[in-house]
Structures are given as C-alpha cells and as structure tokens.
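**Student:** Sequence and predicted structure, then a few things I'm wondering about:
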Amino acid sequence: MNYLVYITTNLINGRKYIGSHSTKNINDSYLGSGVYLAKAIKKYGRENFEKEIIGEGIDVKDMLGLEEYYINYYGASKSPLFYNISEKGYGSKHTEESRKKLSDHRKGKPNHNKGKKQSVETCLKKSISMKGKIQHSEEWKINHSNLTKGKPKLMLRGIPNVNRDKTIYTFYNNTKNKTFTGIRNSFINEFKLNPVTVCNIIKEKQNSVKGWKLVK
C-alpha cells in the first residue's frame with residue numbers, strides 16, 4: 001500500500017487542492033474529494049486537472065501528518081488559491097471557519113446524494129486522459145506566481161538525495177517529440193519537475209510526468 005500526499009491543480013486558473021490518499025496503484029485516477037474541488041471538476045472537466053505526488057508516508061498516521069504539514073505550510077485552508085477548507089486533512093474535525101464555509105456552500109442547494117451510498121470520492125474515480133499541450137491562462141500564471149513567491153523548495157520525505165545519483169537516464173516525451181539523456185538532477189531542474197514523481201518513474205511506480213517517460 002502507498003500512503004501518498006498530493007496536489008491537484010486546476011490547469012485553467014491554477015487553483016490547487018492538497019490531499020492524501022492510500023492506494024495500491026500509484027497511477028490511479030483519484031484527484032481528491034474536497035467539496036470545492038468536486039464542484040470545480042464538474043465545472044471545468046477532469047481533463048483540466050492534474051495531480052502531482054509531493055510526499056509519501058510510511059503508514060496512514062504518517063501520511064495524515066504530512067498532509068496537515070503541507071496544508072499549513074502553504075496556508076491552504078485560508079488561501080483563495082486553494083480549494084482546501086480545513087487546516088487538517090482527511091478524518092479530522094472541521095474548525096468553526098471550515099464549517100461556515102461548508103454551510104455557505106451548501107445553503108439553498110438540494111442534496112442530490114441523499115439516500116445514495118455512492119460518495120463523491122467514488123464518483124470522481126474515473127480515468128484521466130491528458131491530450132495535447134494546455135496553454136495556461138493569465139489568471140493561472142498570476143495565481144501560480146502568488147502561490148510560489150517566497151516559498152523555498154521543500155525537502156520531501158522518502159526521496160533520496162538526487163544530487164548523489166550520477167546514473168545516466170534517458171527520458172522521452174512523445175507529445176513534444178524530445179529526448180533527454182543525463183543525470184536525474186539535471187532532468188528535474190531543466191524541466192522543473194517534482195523529484196518525488198521522477199523518483200517514482202525510475203522505480204517504475206509511476207508511468208510518466210508531463211509526458212516524459214523513462215526509456216529502458
């Protein structure tokens with residue numbers, strides 16, 4: 001079982017959601033089950049969302065701790081750049097502020113799931129197919145810039161020091177028809193990729209990242 005912490009990004013406006021997910025398949029189509037996130041997916045379409053793994057725990061407790069850490073690190077529950085409404089992750093009690101957000105969101109809306117056993121999480125588990133290159137809007141660029149401004153790169157748990165890995169790898173991007181050959185750290189820096197994701201590709205726990213695949 002993999003205990004993952006991820007960021008799901010709306011590729012249209014750059015708004016993000018931090019969540020956690022335990023799964024046997026690291027490449028599953030799960031995007032998250034936040035209330036605002038579910039509403040956004042319905043509005044923009046699943047094809048306009050991208051999930052990236054940012055951390056991995058050793059068990060559920062560790063995973064939830066990492067999730068809470070990232071939510072608080074980015075101030076996600078209080079930021080208009082995120083869909084999160086709680087300072088803590090899955091299974092935690094809502095604060096008065098998050099309860100008010102939920103109440104305001106649901107006010108005057110019928111409960112279409114009443115009497116149904118199927119959860120929002122289950123409804124969202126469909127395959128994602130990213131085709132072609134998505135051009136980010138100006139709104140996305142501004143939101144992304146505001147989010148990352150002044151934030152140092154995080155040290156992610158469970159990831160080896162990429163600077164020590166001098167192995168030569170070859171990656172191919174079918175969408176861009178490009179090939180990269182070199183060490184892992186150069187690959188990550190040149191294309192601004194997440195070290196966790198690249199590590200998972202090398203370990204064959206994940207297929208690709210932004211169209212890049214490992215050539216064996």
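**Tutor:** Yep, that arrived. Just so it is clear, the model here is predicted, and its values are computed rather than measured.

**Student:** Show me which residues of stretch 48-62 are buried.
**Tutor:** Within stretch 48-62, the residues scored as buried using 16 or more other C-beta atoms under 10 Å are 48-51, 53-57, 62. In this view, the C-beta of every residue, glycine as well, is placed from N, C-alpha and C.

**Student:** of those residues, closest to residue 212?
**Tutor:** Comparing these against residue 212 with C-beta to C-beta picks out residue 50 as the nearest, at 13.6 Å.

**Student:** Let me know the distance separating that closest one from residue 179.
**Tutor:** When distance is defined by C-beta to C-beta, to the nearest Å, residue 50 is 23 Å away from residue 179.

**Student:** residue contacts, residue 53?
**Tutor:** By C-beta atoms under 8 Å, 6 or more residues apart in numbering, the contact set of residue 53 is 4-6, 26, 194, 196-197, 200, 206.

**Student:** Give the helix, strand or coil label for residue 199.
**Tutor:** The three-state assignment at residue 199 reads helix, by DSSP: H, G, I helix; E, B strand; the rest coil.

**Student:** Next one: it from residue 43, what distance?
**Tutor:** As it turns out, when the distance is counted by C-beta to C-beta, residue 199 lies 33 Å from residue 43.

**Student:** okay, the two: which has more neighbours?
**Tutor:** residue 199 (21 against 10; other C-beta atoms under 10 Å).

**Student:** pLDDT at that one, what is it?
**Tutor:** Reading off the per-residue confidence, residue 199 sits at a pLDDT of 82.
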